[in-house]
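*Asks:* structure of the sequence below:
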Amino acid sequence: MWHFRLWDVKDVAVFLSIILCLCRTAGAISVSSSRRNLIRSVQEDVFFSVNITCSCIPTIQWTFMSGLVSRDVGAWQPGVFTNITVDYSSRVTAGEDGSMGLSDLRLQDAGFYVVTVEDSAGNSRDLGFVLKVNEVLYEDLQYLSVTALALMCLAGLLMLLVWLLHKACRKIRAWRRRKQMPETDATELQRL
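*Replies:* This is a model prediction of the structure:
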């Protein structure tokens with residue numbers, strides 16, 4: 001008599017352990033953020049906020065990319081070590097939760113920032129941010145107002161100079177007329 005057993009108890013245990021292992025590795029790392037497009041002005045600060053869930057202590061790597069330039073910002077493990085590159089050492093603050101703060105923004109800081117979270121098993125997840133850095137407009141207005149003030153002062157000086165030259169010219173003409181007139185000319189009117 002043939003007995004067909006579809007599943008043995010050992011087979012079911014192995015199958016469930018494989019599925020459980022796959023579920024753990026698939027959901028081992030989760031990286032999310034509420035704001036991924038950030039706009040700031042020069043000399044302001046920006047904070048790249050991330051929510052990271054991992055079953056172990058992850059390694060967090062931040063990278064900057066813009067055009068043809070790609071450089072590491074820093075890498076750290078929460079509570080273990082912090083390694084910020086020399087270019088960013090005085091301006092980056094590394095958060096325990098994987099977030100990163102960048103202070104004193106420059107126009108060159110505009111671009112893409114990618115956070116890569118990797119666990120000890122080699123699994124990793126990436127999340128990208130776009131940072132746009134605007135120039136401060138009030139500085140342009142300040143230069144414009146100073147230039148306009150200097151031009152107005154120059155125009156005032158030129159108008160004063162033209163007025164003084166006009167007055168001098170009129171006095172010279174009057175002096176010449178007086179000089180051409182005879183001083184002791186006694187002209188008498190005759191009757192007609």
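*Asks:* what residues are up against the spatially most central residue of the chain?
*Replies:* By Cα atoms, centre = their mean, the chain has its centre lying nearest to residue 133, at 2.3 Å. Contacts for residue 133 were tallied using Cβ atoms under 8 Å, 6 or more residues apart in numbering; they are 40-42, 105-107, 109-110. The C-beta positions use only the backbone N, C-alpha and C, and glycine is treated the same way.
*Asks:* wait, what's in contact with the residue nearest to it when sequence neighbours are not counted?
*Replies:* Counting by Cβ to Cβ, 6 or more residues apart in numbering, residue 110 is the residue found nearest to residue 133 once chain neighbours are left out, at 4.2 Å. Contacts for residue 110 (Cβ under 8 Å, 6+ apart) come out as 66, 131-133.
*Asks:* for stretch 75-92, what is the average pLDDT?
*Replies:* Mean per-residue pLDDT for stretch 75-92: 84.
*Asks:* for this structure, which helix is longest?
*Replies:* helix 137-180 (DSSP state H).
*Asks:* tell me the one of the contacts of residue 133 nearest residue 169?
*Replies:* Checking the contacts of residue 133 against residue 169 by Cβ to Cβ gives residue 42 as the nearest, at 53.5 Å.
*Asks:* quick check: mean pLDDT of the longest helix of the chain?
*Replies:* 89.
*Asks:* what's the answer for stretch 113-132, then?
*Replies:* 90.
*Asks:* what lies in contact with that stretch?
*Replies:* Residues contacting stretch 113-132 (Cβ under 8 Å, 6+ apart): 25, 28-33, 36-40, 46, 48, 50, 52, 54-65, 73, 98, 100, 109-112.
*Asks:* of those, just the buried ones, ChimeraX syntax please.
*Replies:* To isolate the buried ones among the contacts of stretch 113-132 in ChimeraX, judged by 16 or more other Cβ atoms under 10 Å, type:
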select :28,29,31,33,38,40,46,48,50,52,54,58,59,60,61,62,63,64,73,98,100,109,110,111
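*Asks:* so how far is the longest helix of the chain off the chain centroid?
*Replies:* 44 Å (Cα atoms, centre = their mean, to the nearest Å).
*Asks:* ok, now stretch 63-75?
*Replies:* 15 Å.
*Asks:* so how far is the first residue of it from its last?
*Replies:* 9 Å (Cα to Cα, to the nearest Å).
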